[in-house]
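Q: here's my sequence, what's the structure:
(chains A, B, C and D)
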2 protein chains.
Amino acid sequence: MRLAVEAAASIIDAEGVRAVTTRRIAAEIGYVPGTLYTHFRNLDEIFVYVNALTLKDLRLRCGSAVAGAGDANEALLALGAAYLAYAQEHPNRFELLLRRHLNENEAVPEFVQQNVDQLIALVEAQLRRLEPDADAATMENRVRALWSGIHGTSALALPRQVFTNRWQSDQSILETLIERFLTAGARDV
Amino acid sequence: MRLAVEAAASIIDAEGVRAVTTRRIAAEIGYVPGTLYTHFRNLDEIFVYVNALTLKDLRLRCGSAVAGAGDANEALLALGAAYLAYAQEHPNRFELLLRRHLNENEAVPEFVQQNVDQLIALVEAQLRRLEPDADAATMENRVRALWSGIHGTSALALPRQVFTNRWQSDQSILETLIERFLTAGARDV
DNA sequence: TTCTTTATTAAACGATGTTCAATACTGCCC
DNA sequence: GGGCAGTATTGAACATCGTTTAATAAAGAA
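A: The predicted model follows:
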């Protein structure tokens, strides 16, 4: 039921994850709570679908950012900025992405994993331009490292958590991080 | 009521945040749910105290790691490793740190903010050794950037979330990130 | 002891996620 | 069209949750 997922997503955006209840979703789409359980195992599964939606949005924004940039350095800075901007504009949705609702030993569903992989592939494509000859393991390592930095900056930019950045611009912090990462790479080559 | 906070922390460690209920905490310390409300405004406030505990533990571990290291580069690598190890060993507690339970415009309580500041100060002290003449704003920016990377790697290392790292060692990713950050700095000087 | 103040309790309230038997609906065969 | 199989939806119920509050127990001072 796409309607239920979209309703959940819009409630999250507007009022936060805690405002999402089965009765609220059902009311929003003209159903009754029990109906949701014929389409989803439980409320957590709806959240997984919302996360898939979020990842797709995030990936599309990062993709546009990369497409509009020149060289690889510029593209990665733009990608990071888009990632951060998304987190800042949709803090509730981004927060849901950080939650851990999977059961022990439960794999990430493929329709979610695909979006994650594509997101990371965007970073890889640009880094590859800078280091065309790196072997797969090295490249994977560097992609993950850079992405961790981008992700960490974005996570820390979320308001209303214990980690708050009160003085500095998150954007400038992110730029420092990415530029340093790329500078170190350029030196090796 | 320290007992309540410690009980909540141990439930979180053992069974996750969702297992924490007022009735469970009360039973654990030989009280009744209502009693908690004479010491805390609500359950969220108990979580804030748990976060303060977590931050203290994390800071102490990072402090020990720095103390046992030689030069600043080594110290920062050890600090990052300690940060990551804590997240991996206490994923549920670390996850709670990422949550956003503060109300709009509500400031972080000082007893929490202090722990955050001290944690960041550990990073700053080591970075300062590398760049003794940097002005305050520049230093703050670099500290935040490096810390964002460490934090991001640790957050992504948590299991049971949509972002899972299936192939690579989180430790090696973190080392790449920190080494590149420091290499770029060394080049500037 | 008696009074005052504080700490604790038991019970209740509304709301939550989830289940399930009963009902409505739909499309198909005769 | 009429009846039927299968699916979709409902309403009501269950246990449990966070939180409140009037009543009770405990403790300390006079």
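Q: okay, now the unreliable bits of chain A?
A: A:187-189 (pLDDT under 70).
Q: in it, what residue lies closest to chain B?
A: Residue nearest to chain B within chain A: A:Gly152 (1.9 Å; CB to the nearest CB). Bear in mind the C-beta positions are built from the backbone N, C-alpha and C, glycine included.
Q: burial count for that residue?
A: Other residues near A:Gly152 number 26, with proximity taken as other CB atoms under 10 Å in any protein chain shown.
Q: mind listing what the nearest residue in space to it that is not next to it in sequence touches?
A: Spatial nearest neighbour of A:Gly152, chain neighbours left out: B:Gly152 (1.9 Å); criterion: CB to CB, 6 or more residues apart in numbering or on different chains. Listed by CB atoms under 8 Å, 6 or more residues apart in numbering or on different chains, the contact partners of B:Gly152 are A:Ser148, A:Gly149, A:Ile150, A:His151, A:Gly152, A:Thr153, A:Ala155, A:Leu156.
Q: how close does B:Gly152 get to B:Ala14?
A: According to CB to CB, to the nearest Å, B:Gly152 stands 27 Å off from B:Ala14.
Q: over to A:Leu182?
A: Plainly put, A:Leu182 is 43 Å away from B:Ala14 if you go by CB to CB.
Q: likewise A:Arg160?
A: From A:Arg160 across to B:Ala14, the span is 27 Å (CB to CB).
Q: between the two, which is the more surrounded one?
A: Neighbours per residue (other CB under 10 Å) separate A:Arg160 from B:Ala14, with A:Arg160 holding more: 18 against 9.
Q: look up phi and psi at that one.
A: Torsion angles at A:Arg160 (phi, psi; degrees, to the nearest 10) stand at phi 70, psi 20.
Q: next: A:Gly30.
A: Dihedral angles phi and psi of A:Gly30 (degrees, to the nearest 10) take the values phi 70, psi 30.
Q: return the set of buried residues in stretch A:153-162.
A: Neighbour counts over stretch A:153-162 (16 or more other CB atoms under 10 Å in any protein chain shown) mark A:Thr153, A:Ser154, A:Ala155, A:Leu156, A:Ala157, A:Leu158, A:Arg160, A:Gln161, A:Val162 as buried.
Q: related to what we said a few turns ago, please, which helix or strand holds the residue nearest to A:Gly152?
A: Here B:Gly152 sits within helix B:136-156, counting by DSSP states H and E.
Q: now the angle from that helix to helix A:136-156?
A: With axes from the mean of the first three to the mean of the last three CA atoms, to 10 degrees applied, the angle from helix B:136-156 to helix A:136-156 works out at 110 degrees.
Q: report the distance from helix B:136-156 to the chain centre.
A: Here the centre of helix B:136-156 is set off from its chain's centre by 13 Å, with CA atoms, centre = their mean, to the nearest Å.
Q: any buried residues in that helix, and which?
A: Of all the residues in helix B:136-156, those buried under the rule 16+ other CB under 10 Å are B:139-156.
Q: what residues does the helix of greatest length in chain A touch?
A: What stands out as the longest helix in chain A, according to DSSP state H, is helix A:43-67. Helix A:43-67 is contacted from outside by A:4-6, A:8-9, A:12, A:17, A:20-22, A:25, A:36, A:40, A:75, A:78-79, A:81-83, A:85-86, A:90, A:93-94, A:96-97, A:99, A:101, A:109, A:111-112, A:115-116, A:118-119, A:122, A:125-126, B:162, using CB under 8 Å, 6+ apart.
Q: now list the buried members of the residues you listed.
A: Counted by 16+ other CB under 10 Å, those give A:4-6, A:8-9, A:12, A:17, A:20, A:22, A:25, A:36, A:40, A:75, A:78-79, A:81-83, A:85-86, A:90, A:93-94, A:96-97, A:99, A:101, A:112, A:115-116, A:119, A:122, A:126, B:162 as buried.
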